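1. Can you look at this prediction? I've put the sequence above it.
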Amino acid sequence: MNLWLRLLWLVATAWRRPRLELPFATSTLTFRVWPHDVDTSLHMNNGRYWTLMDLGRTDLMIRSGLWRPVIKERWTPVVTAAQIRFRREVKPFQAFRLETRLLSWDETRFVIEHRVLLGHTDRIAAIALVQAGLYDRRGRSFVPVQTLMQAVDVEAASPPMTPEIEAFLGAENALRRATAST
């Protein structure tokens, strides 16, 4: 239930936060670890990170204006690959920031970085890379990134992939090949 409350809060307060100019803006959201976020090790549950990162991507869509064509066209956000590295615990009642930004893209999908930072510092608790796109169920295909960029009046080329992004996508492609026959 807490995700729904956080989602409602995000949507209800989005108008108070500045517009995000894609593709190089960063969404920054602040949270606190509540008891329902904690696991038996008394720190934020690893699954909760992924749930909150969904909110970071939602914030990018809402504050960039991309939500309008997404709703109108009934496109569905889909994560196709994800990897996370945990560096430090986030303890009960501790405040933290979630920073979400686009790193690169190809014809149909974005690579998005999520950083969980402790309190008001730049100490990284976790960092994740996510590959995601918007899926058109009627067309049964991912929406071209160029179409998405045009929807928010942006014309930009993807930055070159860093070695980290290449490794992430390489690992995803290797896993896809390994499981293609199953």
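-> Thanks, I have it.
2. Can I get the helix ranked longest in the chain in PDB, CA atoms only?
-> As assigned by DSSP state H, the longest helix anywhere in the chain is helix 46-64. Only the C-alpha atoms of helix 46-64 are listed here, as PDB (Å, rounded to 0.1, in the frame of the first residue of the first chain):
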ATOM      1  CA  ASN A  46      16.500  -4.700  -1.600                       C
ATOM      2  CA  GLY A  47      13.100  -5.000  -3.400                       C
ATOM      3  CA  ARG A  48      12.100  -1.600  -2.100                       C
ATOM      4  CA  TYR A  49      15.000   0.000  -4.100                       C
ATOM      5  CA  TRP A  50      13.400  -1.200  -7.300                       C
ATOM      6  CA  THR A  51      10.000   0.000  -6.300                       C
ATOM      7  CA  LEU A  52      11.200   3.500  -5.500                       C
ATOM      8  CA  MET A  53      13.200   3.600  -8.700                       C
ATOM      9  CA  ASP A  54       9.800   3.100 -10.500                       C
ATOM     10  CA  LEU A  55       8.800   6.400  -8.900                       C
ATOM     11  CA  GLY A  56      12.000   8.100 -10.200                       C
ATOM     12  CA  ARG A  57      11.200   7.000 -13.800                       C
ATOM     13  CA  THR A  58       7.500   8.100 -13.300                       C
ATOM     14  CA  ASP A  59       8.700  11.500 -12.100                       C
ATOM     15  CA  LEU A  60      10.900  11.900 -15.200                       C
ATOM     16  CA  MET A  61       7.800  11.200 -17.400                       C
ATOM     17  CA  ILE A  62       5.500  13.500 -15.500                       C
ATOM     18  CA  ARG A  63       7.800  16.500 -15.100                       C
ATOM     19  CA  SER A  64       9.000  16.300 -18.700                       C
END
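3. Packing partners of it?
-> Where contact means 3 or more C-beta pairs under 8 Å, 6 or more residues apart in numbering; DSSP states H and E, helix 46-64 is packed against helix 2-13, strand 26-32, strand 75-86, strand 95-105, strand 110-118, strand 124-136. Placement of C-beta: from N, CA and C, glycine included.
4. Give me the residues contacting that helix.
-> 3, 6-7, 10-11, 14, 17-22, 25, 27, 29, 31, 37, 39, 66-67, 70, 77, 82, 84, 86, 98-102, 112, 114, 116, 126, 128, 130, 132, 152 (C-beta atoms under 8 Å, 6 or more residues apart in numbering).
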